[in-house]
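Novice: one predicted model, sequence on top.
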Amino acid sequence: MKVLYCIHSLINRGGTERILSVKANALATDYGYEVVVVTSHQEGKPLSFPLCSAVRHIDIGIDFYRHHLRRAFAKAYEQLLMQEKPDICISLSNDDLYMLPAFRDGSIKLAEYHFSYERYYQEKSGLWGRLRAWNKNRKLRSAAARMARFVLLTKADEARWNLPNSAQIYNPAYLDNQGKTADLNARHFVSLGRLEAQKDFSQAILTWEIVAKKHPDYVLDIYGDGSERPQLEQLIREKQLESQVILHPATQDVAKVLAQSCGLIMCSRFEGFPMTLVESLRFGLPMIAYDCPQGPAEIIENGKNGFLVPQGHWEQLADAVISLIEHPDLRESMQQNALLTARRFSMKHIMDQWNQLFKELYESKKNPGQS
């Protein structure tokens, strides 16, 4: 079976790009699929994440985000599909999503959505902003309804979209922990992500102001790059936390960072599906996170493998951190529970679900009377 993915580019080192490369490689090497990854506008730059030799990459070279080029992109993309003749064509829910249903190449059309339903509402403010968000979701819903499947990351999002053709599959954990688990005796907590408003690292710093008063020997390591670095550095200075909160550049060795920490903090305002939490499970790292939309509540079992805290209540975040610091037995039990939870997000468990979905759709197309 031949599967073709389409994404704008593989330039950014984002979660969507990483997951696409991981899944494409697994389908080709472990499940025997012929896999093609099509980019709209790679700009001649190297791929942000490697594709194995069994996966072909084709760049169309036309930026579908530029309105005046969309017609040219649509024509070139449909011609490519007619040549490649994939059995299944998957959009990452970029602008190509709105073109795919009209293409006559005969492939089964799917879309993956790597954000939460609330994405546009979180990005916009005010009445006009909410109207724009509503309109974006309306257009997305209309396009998604024309696909064979609209695949969402969380059960909460599947219920929110409430489309008859929806499916839900989690992203897989892909980091190799090399048999290591988190060092529960370390005096370091960790927080990772882009230094942008969505991740709200200021809340982590405010949390640590409380923690540091009681346990000044514990450190919060924040790893990431982004536009809010100056403001976060200023907040650290204002709170006199220069020795307790350390801002590091983004790291490519996330596994090493997780293994050297005793707990993880996530203060996001919203998520599609927080891979930081999923990867933490593989290391048995106790997690403390805001119960934001969407994802944390489907990963963290409150009080078992971590703590879920109401959005914006950094005092409760601090209480949870202090509880972990002061109760080694709690850290140990949460580590064991996290390792058990990690099985739900293993590569094999998740990729088996994709394999099953592809086979069902393929057989349904071949034998429509039996669907």
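Specialist: Perfect, thanks for sending it. The shown structure was predicted, so the numbers you read here are calculated from the model rather than taken from an experiment.
Novice: buried residues, the helix or strand of the chain with the lowest mean pLDDT. List them.
Specialist: Lowest by mean pLDDT, DSSP states H and E among the helices and strands of the chain is helix 119-123, with a mean of 75. Residues of helix 119-123 classed as buried by neighbour count (16 or more other Cβ atoms under 10 Å): 119-122. Quick note: C-beta positions are derived from backbone N, CA and C, even for glycine.
Novice: using PDB, write out every CA atom in the one helix or strand residue 338 maps to.
Specialist: Under the criterion of DSSP states H and E, residue 338 resides in helix 328-341. Extracted in PDB, the C-alpha atoms of helix 328-341 (Å, rounded to 0.1, in the frame of the first residue of the first chain):
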ATOM      1  CA  PRO A 328      10.300  10.300  48.300                       C
ATOM      2  CA  ASP A 329       7.800   7.500  48.500                       C
ATOM      3  CA  LEU A 330       5.400   9.600  46.400                       C
ATOM      4  CA  ARG A 331       8.100  10.200  43.800                       C
ATOM      5  CA  GLU A 332       8.800   6.500  43.700                       C
ATOM      6  CA  SER A 333       5.100   5.400  43.300                       C
ATOM      7  CA  MET A 334       4.500   8.100  40.600                       C
ATOM      8  CA  GLN A 335       7.500   6.900  38.700                       C
ATOM      9  CA  GLN A 336       6.300   3.300  38.600                       C
ATOM     10  CA  ASN A 337       2.800   4.400  37.600                       C
ATOM     11  CA  ALA A 338       4.300   6.600  34.800                       C
ATOM     12  CA  LEU A 339       6.200   3.700  33.400                       C
ATOM     13  CA  LEU A 340       3.000   1.700  33.300                       C
ATOM     14  CA  THR A 341       1.100   4.500  31.600                       C
END
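Novice: which secondary structure elements does it sit against?
Specialist: With contacts taken as 3 or more Cβ pairs under 8 Å, 6 or more residues apart in numbering; DSSP states H and E, helix 328-341 sits against helix 275-282, helix 314-326.
Novice: what about dumping the CA coordinates of the first one to CSV?
Specialist: These are the backbone C-alpha positions of helix 275-282, laid out as CSV (Å, rounded to 0.1, in the frame of the first residue of the first chain):
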residue,chain,number,x,y,z
MET,A,275,4.6,15.3,23.7
THR,A,276,6.7,16.6,26.6
LEU,A,277,4.4,14.7,29.0
VAL,A,278,4.3,11.6,26.9
GLU,A,279,8.1,11.4,26.7
SER,A,280,8.3,12.0,30.4
LEU,A,281,6.3,8.9,31.0
ARG,A,282,9.0,6.8,29.4
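Novice: circling back to that earlier point, where among the helices and strands packed on helix 328-341 is average confidence lowest?
Specialist: Among the helices and strands packed on helix 328-341, helix 275-282 carries the lowest mean pLDDT, a mean of 94.
Novice: helix 328-341 and that helix, what's the angle between them?
Specialist: 100 degrees (axes from the mean of the first three to the mean of the last three Cα atoms, to 10 degrees).
Novice: could you point out the helix or strand that follows helix 275-282?
Specialist: strand 287-290.
Novice: so for that next one, what's the average pLDDT?
Specialist: Rounded mean pLDDT across strand 287-290 is 98.
Novice: which helices and strands does the helix or strand just after that strand pack with?
Specialist: For strand 287-290, the following helix or strand on the C-terminal side (DSSP H and E) is helix 296-299. Packing partners of helix 296-299 (3+ Cβ pairs under 8 Å, 6+ apart): helix 155-161, helix 275-282, strand 287-290.
Novice: to residue 54, which of the ones you listed lies closest?
Specialist: helix 275-282 (24.1 Å; Cβ to Cβ).
Novice: tell me the secondary structure for residue 307?
Specialist: At residue 307 the chain is in strand, as set by DSSP: H, G, I helix; E, B strand; the rest coil.
Novice: list the residues that contact it.
Specialist: Neighbouring residues of residue 307 by Cβ atoms under 8 Å, 6 or more residues apart in numbering: 287-289, 300, 320, 323.
Novice: quick check on those: which are buried?
Specialist: The neighbour count (16+ other Cβ under 10 Å) marks 287-289, 300, 320 as buried among the contacts of residue 307.
Novice: follow-up on the earlier one: out of the helices and strands packed on helix 328-341, which one sits most buried?
Specialist: Highest mean neighbour count of the helices and strands packed on helix 328-341: helix 275-282, a mean of 25 (counted as mean count of other Cβ atoms under 10 Å).
Novice: can you give me the strands in the stretch 51-200 of the chain?
Specialist: Using DSSP state E, counting those that start in this stretch, the strands of the stretch 51-200 of the chain run over residues 55-59, 88-91, 108-113, 149-152, 166-168, 188-192.
Novice: wait, which of the ones you listed is closest to residue 327?
Specialist: Minimum separation from residue 327 across the strands of the stretch 51-200 of the chain (Cβ to Cβ) falls at strand 188-192, 14.7 Å.
Novice: give the buried residues for that closest one.
Specialist: In strand 188-192, the ones that count as buried by 16+ other Cβ under 10 Å are 189-192.
Novice: want to throw these into CSV with distance to residue 68?
Specialist: As requested, the buried residues of strand 188-192 are arranged in CSV below (distance: Cβ to Cβ, whole Å):
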residue, distance to residue 68
189, 49
190, 45
191, 41
192, 38
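Novice: circling back: please produce JSON lines containing the helices and strands packed on helix 296-299, extended by distance to residue 236.
Specialist: Putting the helices and strands packed on helix 296-299 into JSON lines (distance: least, Cβ to Cβ, whole Å) gives the following:
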{"stretch": "helix 155-161", "distance to residue 236": "34"}
{"stretch": "helix 275-282", "distance to residue 236": "21"}
{"stretch": "strand 287-290", "distance to residue 236": "19"}
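Novice: which residues touch the residue nearest to residue 1 when sequence neighbours are not counted?
Specialist: In this structure, residue 1 finds its nearest non-sequential neighbour in residue 87, 4.9 Å apart by Cβ to Cβ, 6 or more residues apart in numbering. Residue 87 sits next to 1-3, 107-108, 362 when contact means Cβ under 8 Å, 6+ apart.
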